[in-house]
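A.B. asks: here are the coordinates; sequence isn't available:
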C-alpha cells in the first residue's frame with residue numbers, strides 16, 4: 001500500500017505561482033510512476049502531468065505545458081508540481097497519484113491517490 005498526502009494548495013492571483021507537494025509512505029516510492037491530476041467543479045478529473053520513477057520521463061497536458069513543472073525526490077519520497085503563470089482555469093482540486101510501471105495520462109491506471117488539495121486562482 002502507498003499513502004499519499006498533498007499540500008501547498010491555496011489562493012493565487014492570475015499570473016502567480018504555487019508549488020504543490022505530495023509525500024508518500026508505505027511501499028517503495030522510487031519504483032512508482034507518479035501523476036498529477038485535477039478536477040474542477042462540475043468537470044471530469046483531468047490529467048496534468050506524469051513523471052517516471054527515475055524522473056527522466058515527464059509528460060504534461062497541453063493546457064499546462066510550459067507553465068507547470070513536475071519533479072520528484074525519491075530519497076525524501078516527495079513529488080512536486082511547480083505551477084507558474086497561473087490562470088483562473090487552473091482552479092481545481094489537485095491530486096497526486098501513484099502507479100506501478102511506466103508513466104500514464106490515464107487516471108484509471110493509477111492505483112493510489114491522495115486526498116487532494118484545492119488551488120484557486122483569482123482573476
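C.D. replies: Yep, it's here. Nothing here was measured: the structure is a model prediction, and the numbers come from that model.
A.B. asks: Would you point out which residue is most central in the protein?
C.D. replies: Using Cα atoms, centre = their mean, the residue of the chain that lies closest to the mean C-alpha position is residue 36, 2.5 Å off.
A.B. asks: Is it in a helix, a strand, or coil?
C.D. replies: strand (DSSP: H, G, I helix; E, B strand; the rest coil).
A.B. asks: Give me the distance between it and residue 77.
C.D. replies: Look at residue 36 and residue 77: by Cβ to Cβ, to the nearest Å, they are 16 Å apart. All C-beta spots, glycine's among them, are computed from the backbone N, C-alpha and C.
A.B. asks: quick one on the thing from earlier: for the residue lying closest to the residue nearest to the centre of the chain once chain neighbours are set aside, what are phi and psi?
C.D. replies: In space, not counting the residues next to it along the chain, residue 36 is nearest to residue 48; the distance is 4.2 Å by Cβ to Cβ, 6 or more residues apart in numbering. Torsion angles at residue 48 (phi, psi; degrees, to the nearest 10) stand at phi -120, psi -50.
A.B. asks: isn't residue 48 right up against residue 60?
C.D. replies: Yes. Counting by Cβ atoms under 8 Å, residue 48 does reach residue 60; the two are 7.2 Å apart.
A.B. asks: who touches both of these two?
C.D. replies: Residues touching both residue 48 and residue 60 (Cβ atoms under 8 Å, 6 or more residues apart in numbering) are residue 68.
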